[in-house]
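Novice: Dropping the sequence and predicted coords here.
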Amino acid sequence: MAALATGDLELPDNLMTPWLGKIRGGSTLAALSPAEPQRFGKGRAMVFDSGEAELVSEGGQKSSNDITPTVQSVEPHKFQKTVRMNEEVQWADEDGQTDAVRQVLAQIQPALSRALDFGGIHGVNPKTGAVAASITQKLAAATNVVTRATNDKPYANLDAADLLVLADGYVPEGIALDPAFAATFSSLRAGQTEQKLYPNFRLTTETSELDGHRSSVSRTVGGVGVLAVASKILGIVGDFSGFRWGIQKQIGLEVIKYGDPDGQGDLKRNNQIAVRAEVVYGWGIGDLDAFALIKSA
């Protein structure tokens, strides 16, 4: 991959072309499932169910409640992004002629955010789009599936997914949507009034409300343009408290001036520097039955 050169900067406006990819938006999993503090490494969480309370009559004896433990495993997965640039770009930045380095770093952070979705939803390496054997827990493995036909009303697909989740004993409070599927909701109008059927729904990764669900929209849900094999996933409906994740280790931004950190040749020999950021996510899925996938036919 060629390193960034000063010719890639738009001068004199000093703006960098967004050359690091066309995928936009952050992580739907981060939006719908709040992060939890985690220690580094593999972990196991115990979730206990002791049933319901017992009615005791006056003078009656009390019995014990059986405890049913469920083990939820958490696995660490490390993601990194390294960007090369010619030394001259750094000099220009130091001289105040361009804000190139800051803008490169502003592109790194969203990519690492999207990595949580590509790993937690699809179980792939975001850079190659190929399935990663090290990722054993992913929402794409859910067996509750609703197949969307061409002429289906989108809310009918959502209702069907809700029923599948409810049948397994969970409350479908959230939905992650691919933008193409999300647009079918956003375009719906109510009768002759032409008012939006879902006025509170927004086509953003930040959560909004869709038909009683917390919703988040991102291209990471379908993974179009990234996955080596199309997932056909349009939406994920379910109880997102069942997806537990956290940042186990956040390795700060690093400017590398020596060596060959990415297999593209010696930095000094090529008059280049590299900027790298890394993060270690840990995540686990309590029960895949808490989720239902909406897929294209």
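Specialist: Structure received. Numbering: from 1, shown residues only.

Novice: Doesn't L253 lie inside a strand?
Specialist: Yes: counting by DSSP: H, G, I helix; E, B strand; the rest coil, L253 is located in a strand.

Novice: could you measure A161 against I236, distance?
Specialist: From A161 across to I236, the span is 9 Å (C-beta to C-beta, to the nearest Å). Quick note: C-beta positions are derived from backbone N, CA and C, even for glycine.

Novice: so what sits against both of these two?
Specialist: 175, 292-294 (C-beta atoms under 8 Å, 6 or more residues apart in numbering).

Novice: In strands only, show me those residues.
Specialist: Judged by DSSP state E, the subset of those located in strands is 175, 292-294.

Novice: which residues of the stretch 101-250 of the chain fall in strands?
Specialist: Using DSSP state E, counting those that start in this stretch, the strands of the stretch 101-250 of the chain run over residues 145-148, 174-177, 189-190, 195-196, 208-210, 213-217, 233-238, 243-256.

Novice: Between those strands, which one is closest to S33.
Specialist: Minimum separation from S33 across the strands of the stretch 101-250 of the chain (C-beta to C-beta) falls at strand 243-256, 4.6 Å.

Novice: List the buried residues of the closest one.
Specialist: Along strand 243-256, these residues count as buried under the neighbour rule (16 or more other C-beta atoms under 10 Å): 243-248, 256.

Novice: circling back to that earlier point, just put the ones in strands among the shared contacts of A161 and I236 in CSV and tack on neighbour count, pLDDT and distance to P199.
Specialist: Below are those laid out as CSV (neighbours: other C-beta atoms under 10 Å; pLDDT from 0 to 100; distance: C-beta to C-beta, whole Å):
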residue, neighbour count, pLDDT, distance to P199
I175, 29, 98, 17
A292, 29, 98, 25
L293, 26, 98, 27
I294, 27, 98, 22
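
Novice: Which of those residues sits closest to P34?
Specialist: Taking C-beta to C-beta as the measure, P34 lies nearest I175 of those, at 16.4 Å.

Novice: my guess is that closest one contacts V237, does it?
Specialist: Yes: using C-beta atoms under 8 Å, I175 makes contact with V237 at a distance of 4.8 Å.

Novice: list residues touching both of those two?
Specialist: 158, 161, 213.

Novice: Make a PyMOL selection of the buried ones in these.
Specialist: Buried members of the shared contacts of I175 and V237, defined by 16+ other C-beta under 10 Å, are picked up in PyMOL with:
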select buried, resi 158+161+213
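
Novice: for the shared contacts of I175 and V237, which one is nearest I285?
Specialist: Nearest to I285 among these, with distances taken as C-beta to C-beta, is A161, at 16.9 Å.

Novice: Contact partners for the closest one?
Specialist: Shown in contact with A161 (C-beta under 8 Å, 6+ apart): 144, 146, 172, 175, 235, 237, 292-294.

Novice: before we move on, what about I233?
Specialist: By C-beta under 8 Å, 6+ apart, the neighbours of I233 are 121-122, 140, 178, 221-223, 293-295.

Novice: What about those, which one has the most neighbours?
Specialist: Highest neighbour count within the contacts of I233: V221, with 30 neighbours (other C-beta atoms under 10 Å).

Novice: Any stretches of the stretch 151-297 of the chain with poor pLDDT?
Specialist: When residues are selected by pLDDT under 70, those of the stretch 151-297 of the chain lie in 250-252.

Novice: Just the helices from it, written as ranges.
Specialist: Using DSSP state H, counting those that start in this stretch, the helices of the stretch 151-297 of the chain run over 154-167, 179-186.

Novice: Reformat these as TSV; add distance to Y281.
Specialist: Below are the helices of the stretch 151-297 of the chain laid out as TSV (distance: least, C-beta to C-beta, whole Å):
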stretch	distance to Y281
helix 154-167	25
helix 179-186	23
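
Novice: I am finished for the moment; much appreciated.
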